[in-house]
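Undergrad: For reference, the sequence and a predicted model appear below.
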Amino acid sequence: MIAAYLGDRIRLSVVLVLLSACAVIADTDVGKWKPQSVPSPDGSVQEVAFPRERIGWICGFFAGVLRTTDRGSTWKELKSNLTTERIGSISFLDSNRGWAAATSYAGKRPQQVILSTTDGGVSWTERKRVEGGIVHLVSIWFFDERLGWAVGARDDKPLVVSTSDGGATWREAYLGHDGRTWKDALIKGELTNEIRRVRFADALHGWAIGPGAIFYTSDGGSTWIPQYVSGDGVWLNGIAVLNSDKVWAVGGRGFLLRTNDHGVNWTRVSLPNKGDDFLWAIAFADPKSGWIGGNGVILSTRDGGDTWERQVSPVQGVLTDIAVTSSRVFVTGGTSRVLVLRR
């Protein structure tokens, strides 16, 4: 099982690096997507974060991050103190404070580490080394200056670690399915083998998604219950939480799910795509305006998700992440570029 897991992880990483090799899609004309080159040191871009209108960051599994201070018009690689670490996921609260999930190659085998910065990504401090078995951290996300989560897998089982003190200390929210943390609703052993994303509406109510399942917590992540199990193993990868009632999730084979009652009922939404598009990310600027990024496809809505329009993407690779500001939409994907849309 471990060998198979490693093989799957390696194949997925290769696909992401090759297909999302370094693009942020940026636009100067209102309503039109244009690719913008960014100085990724290894040709890859993976996640984009914009906690402020003018200031944003990009990571792409290299040592450090790219930063912009002019709304994404130009990007600069920050020469950080990292040497053996490769950052795969980032979360920033403001112009200075941020966290990252990274892979460290300092030891005999790669290890997963959580880093933090207080100077906008110039220097990083290791906060936790997630050990025990074969660990892979997929994503990190902070709700505020205290509450944060890093998610992924350990030994082919889902893993969530959380902090309530800004990253000074971390604890495992749950691991595996020992009967105490997973309910019997996950029938026939159809369990997700990792958690891909986690998002919260407030300090108590949040959702975590992975291949084939969506989980919900109402106590800040101490306990989780499954709300949706696909049964056919569809890969769910992106999530957008508008409030404690309205949540969206996207995944493989053109899957778009929505709930308007905090997950009591999940409904699949039809999309104007080929039906087999792999959808990676979803983000909303407000309750009406939203975007989805997938394998060479961008979808948008102006009516709160009732209808979606397929847009022309100038990049045909994997579009892995979306960030929205008051004036622009940023999508990572392609080769050393970012897609930007001026709203």
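TA: Looks like it came in fine. Residues are numbered from 1 along each chain as shown.

Undergrad: quick one, helices of the stretch 201-343 of the chain?
TA: In order along the chain, the stretch 201-343 of the chain carries no helices (DSSP state H, counting those that start in this stretch).

Undergrad: my bad, should have said the stretch 1-150 of the chain
TA: Listed in chain order (using DSSP H, counting those that start in this stretch), the helices of the stretch 1-150 of the chain are 2-19.

Undergrad: Next, the contact list for the nearest residue to Gly98 once chain neighbours are set aside, please.
TA: In space, Gly98 comes closest to Phe92 once its chain neighbours are excluded; the distance is 3.9 Å by C-beta to C-beta, 6 or more residues apart in numbering. Backbone N, C-alpha and C define where each C-beta goes, glycine included. Counting by C-beta atoms under 8 Å, 6 or more residues apart in numbering, Phe92 touches 49, 51, 57, 98-99.

Undergrad: Now with 7 Å, please.
TA: For Phe92, the set of contacting residues under the criterion of C-beta atoms under 7 Å, 6 or more residues apart in numbering consists of 49, 51, 57, 98.

Undergrad: Kindly report the same for Arg67.
TA: Residues in contact with Arg67 (C-beta under 7 Å, 6+ apart) are 57, 75-76, 78, 120-121.

Undergrad: Narrow the contacts of Phe92 to those in strands?
TA: Counted as lying in strands by DSSP state E, out of the contacts of Phe92, are 49, 57, 98.

Undergrad: Low-confidence ranges, the stretch 151-300 of the chain, go.
TA: Within the stretch 151-300 of the chain, the set of residues satisfying pLDDT under 70 comprises 174-191, 231-233, 273-276.

Undergrad: Give the buried subset of the ones in strands among the contacts of Phe92 as a ChimeraX selection command.
TA: Here is the ChimeraX command that selects the buried residues among the ones in strands among the contacts of Phe92 (16 or more other C-beta atoms under 10 Å):
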select :49,57,98
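
Undergrad: which one among the ones in strands among the contacts of Phe92 gets closest to Ala281?
TA: Ala49 (12.4 Å; C-beta to C-beta).

Undergrad: so what's Phe142 closest to, chain neighbours aside?
TA: Gly148 (3.9 Å).

Undergrad: one step back: could you find which two of the contacts of Arg67 are furthest from each other?
TA: The widest separation within the contacts of Arg67, taken as C-beta to C-beta, falls between Trp75 and Gly120 and amounts to 13.4 Å.

Undergrad: more neighbours, these two?
TA: Under the neighbour definition other C-beta atoms under 10 Å, Trp75 and Gly120 were set side by side, and Trp75 has more, 23 against 18.

Undergrad: which residues touch that one?
TA: The neighbourhood of Trp75, defined by C-beta under 7 Å, 6+ apart, consists of 38-39, 58, 66-68.

Undergrad: Pretty sure the residue nearest to Phe142 sits against Ala101.
TA: No. In terms of C-beta atoms under 7 Å, Gly148 does not count as a neighbour of Ala101; the distance is 10.5 Å.
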